[in-house]
Every structure is written in structure tokens, then in C-alpha cells.
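Could you look at this predicted model? Sequence included:
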Amino acid sequence: MRFASILRLRLRSLFARSVVEQELDEELRFHLECQVEELIAAGMSAEQARREAHASVAGYEQRKEECRDMRGLNLLDNLAQDVHFAIRQLRKNLGFTSTAIFMLALGMCAAVAIFAFVDAALLKPLPYRDPSRLVGVYETVPMFPRSNLSYPDYLDWKKLNTVFASLDVYQRRGALLRTPAGLQVARGARVSDGFFRTLGISPVIGRDFYAGEDLPSAAHTALLSYGAWQQRYGGKNNAIGQTVELDGVPTTIIGVLPRDFHFPLAEPAEFWTTLHAASECDLRRSCHSIYGVARLKDGISLEAALSNVQAIAKQLEQQYPESNRNQGATLATLSDVIVGDIRAILLVALAGSGLLLLIAGVNIASLLLVRCESRRREIAVRSALGAGRIRLVRQFITEGFVLVATGSAMGLAAAYWTMQLLLKLIPADMLARMTFLLGLGLNFRVLVFASVIAALALGLYAITPTLRLSLADMREGLAEGSRGSAGMLWRRLGTKLVVVELATAVVLLVSAGLLGQSLYHLLRVNLGMQPDRLATIEVAAPKSGYDKEEQAVVLARSVLSHIANLPGVNSAGIASQLPVTSNGNTTWFRVMGRPHTGGHEEAPERQVSPTYFPTAGARLIRGRYFTEAEDKSRPPVAIINQAMAAQHFPNEDPVGKHIVYVSHVSEPIEIVGLIENIREGPLEAPVPPVLYIPFNRSPDRFFSVIVRTGQDEQLLLPALAAAVRNIDPDIVTKAAAMRDRIDDSPSAYLHRSSAWLVGGFAALALLLSIVGLYGVVAYSVSQRTREIGVRMAMGAQPASVYRLILKEAGWLTALGIVFGLGCAIAAATLMKGLLFGVRSWDLVTLAAVAAVLGAASLLASYIPARRAASVNPVEALRSE
Amino acid sequence: MSKPTDLVQGTLDLLILKVIALEPMHGWAIAQRIHQISGEVLQVGQSALYPSLHKLEQNGWISSEWAVSDNNRRAKYYTLTKAGRKALEQETAQWERLAAAISLVVRAV
């Protein structure tokens, strides 16, 4: 009751300030008037009485001030004073202030920017209804743990499962879209009819696919992505109902998907069409081309669902042994499928930024300790003059607040800028697929994260000096300040902090070293070919005019001869797929004359022209290349790689041996050549057995051309595209240097970005920790000036002073390095998955880091040591 | 009330509490009443009176309200609260102890 009324009064004093002021004024005036009346009653004239009364209340304003004080109004004014004083203090010591703000801003910038990526990719739920119930559905074979489904398998899984509320499929596709400006590649996906209902997405305008709209009998329809609707149709409603030509098929647009709908596994997608499963591949149970996505029934766990689909896979394996042998089943949460690849690198980056923040924090703490030591006298004087402990602590908090507010604001601004920069560093192709990064920004969660850092920093800024205050007696401060010796607290705590800092720097440096080496090994991995001065161009010819195999053969010949005639071209070859893209497009085969083991022998298959291997710079170990004449009319031949020779023909000559396709067991294929392993798949994946067959035997209207040149391959790219377009303007091309394709391949990108990010953090950490060490040693020297002076006066040589200082620094450094190396090995073991071609305890890296940090530390402590050695004993003794 | 510097201030607080214990009063009347009761010895100036009143109110010992005074003007009237009454008892006891102690010392010397 009493507290309530007190609180009410206090609040009134605070918020109804003008009313309170007015009442105060009125009250005091009433008193004055009463006095005047009394004086008049006592016989004075009115004028005289007024003057007398006013004189007796000298200091009307001071009264009011005193009353305000009693009401606690001055709390606010004091705060303003504190802030003012804090700013003055901080401005007086610009070195300290700018360093403290810079440290915080740097730590904040790194942590917040990386956290924003983590938030966008890992924390933010996927933009679908109840996304945690969505799973990716895969078949699985030894070579591909997450392999596509075949359409007949999909139908069976859909029918037989008891765990999915719905199961749908999608397949990425690039279609040739006829536009007024000619044919263009329009990216998109073909999906089953319930795909969007499974995700819980409905079109913003128009309608969704109805059940059965994915059957071959249904009319061809398409949904537009919001982006395509805006760009291609200006966001007009009349887009609905329009007919477009996709791959030569007239397709009606029936709706537009929401603006924030993205499906990273099929992005960038403009047109979403239905399956219309009618192709040879769609109908063949052994042709795996589509991926599944399903919504779990309520109450069904992922494990329960997995055992159900595995049982179905087993059942199908028995039912269709020819096509389904060894075809297992696997499930993964959709978020795992979408962000699984980048989770590791994001977590490593987050850990890196956290360590950097730690170093920044430690640097700040040791700065504050130093500042406290040098402010002891000020604090002692202020408390001797009557400042209460609370008042002093409030002053520290205010100073901390000013620093943290400034540092945080700068850190956030820098973080925003850094995020934009990091986005720009992601290759456009990869960014287009990482649609979850569209949500990147300083959103609520990121700001909460930033405020937590700011609060921790404020705690650090406020608590360190407060702690110092309570540990030391004020009077001692006054006394000891006059003597100017190094404070005990500083000795005890400050130096330990540097060890932490150095150890953290070691961890970051070692990590960066290992990741950098991984990248180096990755980019210099033996490709089995010469990627320099090699241009590539992907060719996609429209269905009309090029669908028949003979037409594709003619096109390929024409493309090769046009390109070969270009100036600067040494040779050109064709392959169905470029190296370093994927280990997919596999076929099943058996070695003739071997007992059948039961399992499938699976190998990626590439169709290549006779000139492909010489152009690529691949090494033929045995046998011969293909010839131009080897087409469907000739007996089938194949060239195999070393991996296949090692696996299937160990200790024998494969050339002359025969294999057969599982689908055509009666047609033996003669192995005519053995080629050194070419890396067809990701850089870090081991090369599987690969089968090469003549392009002319199995031609296609989509193929890639590699072009060997003696000049800069970049200069050749426009000429290549022009040469192909010359043949037919409807052919769509994409030209790039082979080197760029390798450097921009996902695995190279992931390794490069983690190496650069952690490298950046490590460089900053090195800088900060060395500055920290320098600060510690320099401060120690400045505090020991007198002691050193005494020693020198007693006859100590400069060399022994050097030894004194360097020994102290050396101990700290050695401790930091040893401690750090231990932590670094542990950290490297944790990120083993990101390492390639280097062990987590790589001695060279560890030694190099120790050497670098040791040398830098020596330099950092040499400067103050030199200052100490050049101390003039007379001056040192006289000082202070 | 333990610190010696608070002695004068605390004494005034006691006087104010005592005086308004009888009836609600405005500041001028409080000063007049103290003057009268003390046999015209204690002259409480507004310099001490009003800060003291505001502090007591902030402490929750007295409460205030605006009312019309005898001479037909708006004045701020102070009333003793329940907490104030308790404080008054304590202050009185404290004062009597202190006064007795001081007089003992003064007489003895």
C-alpha cells in the first residue's frame, strides 16, 4: 500500500514533471502571499511587505531545486550529467575510446554477419506449411546414398506406403521457351499433381494443378513463379490463360505462385509443369530421374516412416529383381536436404566469428583493466570528495553504455555491409539455388542476437572496473596511485587474458591453415586432363529438327567443324557431360565371362567424340581412341578408366575384353582403350569406374564441346557461341572457361569460402592478439619504469633488461601457443569433414602457426623492451 | 537518524509530523504552528520547510491534497499517513532518548 503510493508519487514526479513543477511554484507562492498578508496585518504597507517577504525567501529557485532533489527528479538530470561526463572522459582518452569501440564493432560485425547467414539458412523455418513434417524421399544405391526414384517405383511407393499423408515428386528441367526474341532457356521443374498441396502452398492467382493433371492424357499446363510472372508478363493478370511454347509443347499458364515461395532444390525455376510421364525413361523402372518429397502423417516419426519405405523397397526388389536389385530407400528431413551442404561451413564460420568475438572481448577487458589502473587515483579522489560507491559504479556503467552503444551501432552497420559483400562473393549460379538467403537481413532474431552481444559487452565494460573498485580499498588506491607500481590485480588477471587471446588466435590460424591447404589440394587435384587453355560450350538444340539421332549426329559434326575453323582453335571434342560436374548418369553393366555376383555393377557413362580425349589432354594408357565411323551400324565399343580396370580387371589387360549392359545382355561391348582417371564428379570425391562410349552411337541434342586453344580461352568464348548460333539461331548455348567451371563448382566454392572466411578471421585474430600482447608488455614496462631505473642504477646492463622483459613476454607467448595448439588439434578434428588432402594434426601447419605467432609476439614485445632498455635511470627514479 | 548530520533535518521532520498529527495543514500554517507552540523560539523558514515536506511525502509518511484555505485560496494540505504515524512514534521515542542523553551530558559537565 505504502510502496504503491510511493511508486505512484515517484512516477508522477518523473512523468508529470510540468504539473509537479507548477504545483511546487504555486505552493511556494502561497507561502509568500501568506507572509505578505501577515506583514501587512502587522502594519506594513503593501509594497514594503512584499519587498520584505521576498527578501526573507532569498533563493526561491534554490528552494525549488531542493524540493526537486527531495522528489528524486534529479536522477534524470544526473544521468544526463553522467553521460556528458562520460563522453568528456572518453574524448579525453581517444586512444582507449577508439580502440574499445573498434574492437567491439569488429567482433560484433563478424558475429552478427555470420549469424545472419546461419539464421537465414539454418534457423528460419522453411516457407512451407508445417515444414518439420516434410521429408525428402530417395532410393539409395552404394554409389549414390540419395538417388532419384524411377517413375514406376514412385507410383508403387505412393500406393503402398502407410506413413505419408502425401508423396509427390519433382524433377529439375531446363526447357526451351519460344519468345519474340527467339528461343531461350527457361528453367523450371516438372512435378506431380499434388506437389504444391504437399508443401502447403497455393497460387496467389489462378489455380493449382488438379488431381490427375500430371497424366499424359491431361492438357499441358504450367504455374509461373512470382518472379517469372513479374519479369515475363509484367505482373499482369492476363498472363493466366496464355499459351506458351515449352520445348515445342503448347502449355497453358494456369496460375502464379506466391512471391515468397521458393523451392531451392529446383531453383532457379520459372515454369512449373506437370510430369506427363510418357518418355522412355519415365516408363522404365530402372531409369531414375525424379526426387520425392512427402508429408509425414501426424504421429509418424521419421524412423517409423523410414522402416516403412525400406520394407516397400525390399518388396519391390523381390518383385522386380532385374531393375530394383540393391535399390534401398532413405529419407531425410527437407531442411536437411536443402541446407545440409552448407551447414558445416556455416557452423565453422560461426565458430570462427565467435572466437574472434572472444579475442575482441578479451582485448577490451584487458584494455579496461589497464584503464582502471591508471584511473585509480581519479577514482580515489572522487570517492574522497564524497562520491558514493553507487555513484561511481553508475559512472562506469554510463561510460560503458556510451562505448557499447557506439560500438554496437558501428558493428551493426558494418555487419549489414559485410552481409551484402558476402552475398556478392557467392557465384550467381549457386546463389540462385540458395533462395533461403533471400531472407538475409537484420531481422528480429539477428537483432536479438546483436543485443545479447551488446548486453554482454556492457556487462564487461561495467563489471570490470566495478570489480576492480570492490577489490581494492579506496585509500589504498589513493596511496598506491602515488607510488605508481603495477597493480596486483593487473598482474594476476591481465596477463592471463593474453594467454587466452593468443591461444584463440592459434586455433583460428591453424584452422585457416588447414582449410587453406585443403583448398590448395582441392584445386590442384589430379583431374586426369589439362584444364588450362580449355574453353567449353554447352549446346542445347530444340526438339524440332534435332530430335532424331541422325539429326543430332549431323548437328554435332557441324558444330565441331564450325568451331575447328575458328582462328586460335587447336582441336575440339564432344562429351555428353563436362568433367567435374557429377558422377551421375550411370548405367548397369556386367563383365562377360564372369560369374554373376548378384549385385549391379554401376558406372557413370559418358558419350564422347573421337577427338574428346586428345583435346582434354587425357592420357591414353592402352588401346586406342574411338573413330568417327563408330556408330549404331558398327559393333559396340567402349573405353574404360583406370578405376574400372582396377576394380574389374585387376592384374590383367582390359583391352580386348567384353562387357554387356544389363538391359542388352546379348550385345557384347568390346573394350578398346584404357584412359587415365578423369575426374567426372566433385573434386573431393574419389573417381568411380567410368565407361566411355562413342557419341555417334548414342547421340543427343544436348551436349558439351571442349575446345583446346593456344591463346587466352576467355577471348574465344564469344566466338564459340556465335559459331554455334550461326548454324541455327534457335540453338541455346552457354560458354565458359574450364578453369572457371572448376573454380565455381560447388565443392570448390564451399572449400574456398570456408578457407577465406576462417582465413579472414584468423588474420584479424592474429592482429588483435598481437596488439593485445603488445599492450600488456608495454603497460608492464610503463609500470616498471622505476624498478628498471633502480636496476640500471645498480648496474644492470641493457641486455639484462631486454631479457627481463622478453622473458615475461616469452612465457606468455609460449603458454598461449602450447595451449592453443592443443585446442587447435581438437578443433581441427571437429571439422574433419571440411578437410581435403590434409590431416587434422598436420605438423607443417602447426609448426608454421607456432613460428608465425612466435615471431609476431617477439616483434610485439621487442618494441617495449627496447624502450625499457633505453630508460635513463636518473629520469626513471625522478619520475612520479 | 543515526548520522549526526541528519540531526537538524531529522528534528524538523519530527516537528512537522507532530504538528500535522492533529489535523491536515498547509506549509505556512505548519511553520506558524511550530512558531507558536515553541513559544516563538523556533522560526521555521521555507528554505528548510518545503524540502522537508517533499521528502516526507516522497517517503510516504505524509500525503498531500489541494484544498481551499481559510482566506479562500488554493493551498496544499499535508496529512499524516499511517506509515507517518508509526514513524512519528519512533521519531518521538528516539528524540526523547537523545534529548535525555544530551541533557545528562550537559548537566554533568
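Okay, I see it. All values derive from a computational prediction rather than experimental measurement.

how close does the closest residue in space to A:Pro729 that isn't next to it in sequence sit to A:His220?
Spatially, and ignoring its direct neighbours in sequence, A:Pro729 is nearest to A:Gly182 (5.9 Å; CB to CB, 6 or more residues apart in numbering or on different chains). (C-beta placed from N, C-alpha, C; glycine too.) To A:His220, A:Gly182 is 21 Å away according to CB to CB, to the nearest Å.

higher neighbour count, the two?
Ranked by neighbour count (other CB atoms under 10 Å in any protein chain shown), A:Gly182 and A:His220 place A:His220 first, with 16 against 12.

Against chain B, how distant is the closest residue to that one other than its chain neighbours?
Nearest-residue entry for A:His220: A:Thr251, 4.3 Å, with adjacent residues in sequence omitted and distances by CB to CB, 6+ apart. A:Thr251 sits 79 Å away from chain B when distances are taken as CB to the nearest CB, to the nearest Å.

swap in A:Gly673?
99 Å.

A:Val871 too?
For A:Val871, the distance to chain B - CB to the nearest CB - is 50 Å.

next one: phi and psi at that residue?
Main-chain dihedrals, A:Val871, degrees, to the nearest 10: phi -60, psi 140.

what pLDDT does it get?
For A:Val871, the model assigns a pLDDT of 75.

ok, now A:Tyr226?
In this model, A:Tyr226 carries a pLDDT of 90.

Looks like it contacts A:Ala269 (just checking).
No: using CB atoms under 8 Å, A:Tyr226 makes no contact with A:Ala269, being 10.9 Å away.

for chain B, which residue is closest to the average position?
B:Ile16 (1.6 Å; CA atoms, centre = their mean).

That residue reaches B:Ser52, doesn't it?
Yes: under the criterion of CB under 8 Å, B:Ile16 makes contact with B:Ser52 at 6.2 Å.

For chain B, see how far away A:Ala313 is.
For A:Ala313, the distance to chain B - CB to the nearest CB - is 78 Å.

Count the neighbours of that residue for me.
21.

roughly how far apart are the residue nearest to A:Pro729 and chain B?
A:Gly182 is 84 Å from chain B, by CB to the nearest CB.

downstream neighbour of the helix or strand of chain B at the bottom of the mean pLDDT ranking in the secondary structure list?
Least confident element among the helices and strands of chain B, by mean pLDDT, DSSP states H and E: helix B:7-20 (a mean of 77). Next helix or strand after helix B:7-20 toward the C-terminus (DSSP states H and E): strand B:25-26.

Next one: that next one, is it in contact with chain A?
Yes: Strand B:25-26 reaches chain A (CB under 8 Å from any CB of the partner chain) through B:His26.

same question for that strand, mean pLDDT?
Rounded mean pLDDT across strand B:25-26 is 89.

Run through who's touching it.
Applying CB atoms under 8 Å, 6 or more residues apart in numbering or on different chains, the contact partners of strand B:25-26 are A:Glu27, A:Phe30, B:Val19, B:Arg33, B:Ser69, B:Ala75, B:Lys76, B:Tyr77, B:Tyr78.

From the residues you listed, pick the one nearest A:Val871.
Nearest to A:Val871, judged by CB to CB, of the contacts of strand B:25-26 is A:Glu27 at 66.9 Å.

My guess is that closest one contacts B:Gln46. True?
No: the pair A:Glu27 and B:Gln46 fails to qualify as a contact (CB under 8 Å) at a distance of 9.4 Å.

list the residues that contact both of those two?
Joint contacts of A:Glu27 and B:Gln46 (CB under 8 Å, 6+ apart) are B:Gly27.

Return the per-residue confidence for residue 68.
Answering for chain A, as no chain was given. 68.

should've been chain B
B:Val68 is given a pLDDT of 85.

With A:Thr333 instead?
89.

Can you tell me the closest non-neighbouring residue to it?
Among residues not flanking A:Thr333 along the chain, A:Val135 sits closest, at 5.8 Å (CB to CB, 6+ apart).

Residues in a beta bridge with the residue nearest to A:His220, which ones?
Counting by DSSP bridges, A:Thr251 is bridged to A:Val244.

could you list every residue that touches it?
So A:Thr251 contacts A:His220, A:Thr221, A:Ala222, A:Thr243, A:Val244, A:Glu245, A:Phe271, A:Thr273 (CB under 8 Å, 6+ apart).

A:Ala305 too?
A:Val135, A:Asn161, A:Val163, A:Phe164, A:Ala294, A:Leu296, A:Leu331.

What are the phi and psi values at the fourth one?
Put plainly, it is A:Phe164. phi -100, psi 130.

in the stretch 701-850 of chain A, which spans are helices?
A:713-727, A:738-743, A:746-783, A:785-793, A:798-830, A:843-869 (DSSP state H, counting those that start in this stretch).

Ok, chain B next?
With DSSP state H, the ranges of helices along chain B come out as B:7-20, B:27-37, B:46-59, B:82-108.

winner for burial among the ones you listed?
Counting by mean count of other CB atoms under 10 Å in any protein chain shown, helix B:46-59 has the highest mean neighbour count of the helices of chain B, with a mean of 21.
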